[in-house]
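Student: This is the structure alone, sequence omitted:
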């Protein structure tokens, strides 16, 4: 993937992404019918997929913690929620994940954009970028970083892990994942 | 009016079929000890999220009323939540804020609710029904008069009260029984 590709950086480009369409379709087949999160340019395609899907109740939140609360409420009410956010927000919401979703054993699927990786041009992402996988490891929560794997298989297997573990579970997507 | 009386009036005045989401600390612990029920969800950690959980629940289950029992300091921790509630207009959500002007479950450090005008904020962001009350009678009336939400009751109470309540610990079991409760059809639909 070429990081200087305009499609990676132009967050207002009104393009579609086959990968995002695929991820959306797989999540829908897995029963997802609620989405909440805080927008990130890296996730713009999948957010639009949720927004355009009348079968998904989609609520944009003011902060990542709020999205965790909304998804927890939806789960209690019988929905199958997805929460999306940037990894920076994962740190803001980390206590809510650890003190609400974990002790209540809530299998909630997180789609998290992964800034601060190799090639990052914004300094504010470097510290959280270095710590993201270690945060999830230290919580003992399942996660996968999407790279060269088959996205459908990866998502299905991660979802299955989540259902068995009954814990929040995380799919990390780097810039350009949608190409 | 104190916390014990406030909680007692809320829990005995709401409809038995209403779902209850209560905030972190002594509010949840007092409800757990005295009014534990399958219809309750306690928010022992993640302080501030009770209203967000209540909104997610209310939007998902339109046939049940959702009563959020919040505190002033916990609402202030997640104040953006009232904006979301005002925007989404859940008709079945009643948000009650027990306001003792302090972090009552810590060491009673003062919160900023005395200058926050939480009731005015709720009104301005779009709550449909807003009441501010300071007596047991008015609280009972405000709950009974609540019709179409989103509703907001600011209950001003005195600081203090018992602190040695048990903690809800078996959260997975509390979740399972609550989810069964939510699945059960509501008799007669929403009270008008």
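Tutor: Done, it's in. Quick caveat, the model's predicted, so the values are computed rather than measured. Numbering: from 1, shown residues only, chains lettered A, B, ... in the order given.

Student: which element is the residue nearest in space to the middle of chain B on?
Tutor: Nearest to the geometric centre of chain B sits residue B:69, at 1.5 Å (C-alpha atoms, centre = their mean). Assigned by DSSP states H and E, residue B:69 belongs to strand B:66-71.

Student: From the contact counts, what lies against that strand?
Tutor: Judged by 3 or more C-beta pairs under 8 Å, 6 or more residues apart in numbering or on different chains; DSSP states H and E, strand B:66-71 is in contact with helix B:3-13, strand B:19-22, helix B:26-35, helix B:50-60, strand B:93-99. C-beta: built from backbone N, CA, C; applies to glycine.

Student: sorry, back to before: the residue nearest to the centre of chain B pairs with what?
Tutor: Listed beta-bridge partners, residue B:69: residue B:22, residue B:96 (assigned using DSSP bridges).

Student: Tell me the residues of chain B that contact chain A?
Tutor: Residues of chain B lying close to chain A (C-beta under 8 Å from any C-beta of the partner chain) are B:21, B:41, B:43-46, B:48-61, B:78, B:80-81, B:83-84, B:88, B:171-172, B:174-175, B:178-179, B:182-183.

Student: Relative to residue A:40, how far out is the residue nearest to residue A:174 when sequence neighbours are not counted?
Tutor: Closest residue to residue A:174 apart from its sequence neighbours, by C-beta to C-beta, 6 or more residues apart in numbering or on different chains: residue A:114 at 4.8 Å. Distance, residue A:114 to residue A:40, by C-beta to C-beta, to the nearest Å: 10 Å.

Student: And residue B:158, by the same measure?
Tutor: To residue A:40, residue B:158 is 45 Å away according to C-beta to C-beta.

Student: Run through the helices of chain A in chain order.
Tutor: Secondary structure of chain A (DSSP state H): helices at A:6-9, A:18-29, A:44-52, A:64-76, A:87-92, A:94-96, A:126-139, A:151-165.

Student: contacting residues for residue A:140?
Tutor: Neighbouring residues of residue A:140 by C-beta atoms under 8 Å, 6 or more residues apart in numbering or on different chains: residue A:167.

Student: scratch that, residue A:39 is what I was asking about
Tutor: Residue A:39 sits next to A:47, A:60 when contact means C-beta under 8 Å, 6+ apart.

Student: And residue B:56, by the same measure?
Tutor: Residue B:56 neighbours (C-beta under 8 Å, 6+ apart): A:34, A:36, A:59, A:69-77, A:81.

Student: For it, give me the pLDDT.
Tutor: For residue B:56, the model assigns a pLDDT of 98.

Student: how near is it to residue A:81?
Tutor: As judged by C-beta to C-beta, residue B:56 and residue A:81 stand 8 Å apart.

Student: List the residues that are in contact with both of those two.
Tutor: By the contact definition C-beta under 8 Å, 6+ apart, residue B:56 and residue A:81 are jointly contacted by A:34, A:36, A:70, A:71, A:74, A:75.

Student: Lowest-scoring secondary structure element of chain A by mean pLDDT?
Tutor: The weakest-scoring helix or strand in chain A, judged by mean pLDDT, DSSP states H and E, is helix A:6-9 (a mean of 64).

Student: Any stretches of chain A with poor pLDDT?
Tutor: A:1-10, A:13-14 (pLDDT under 70).
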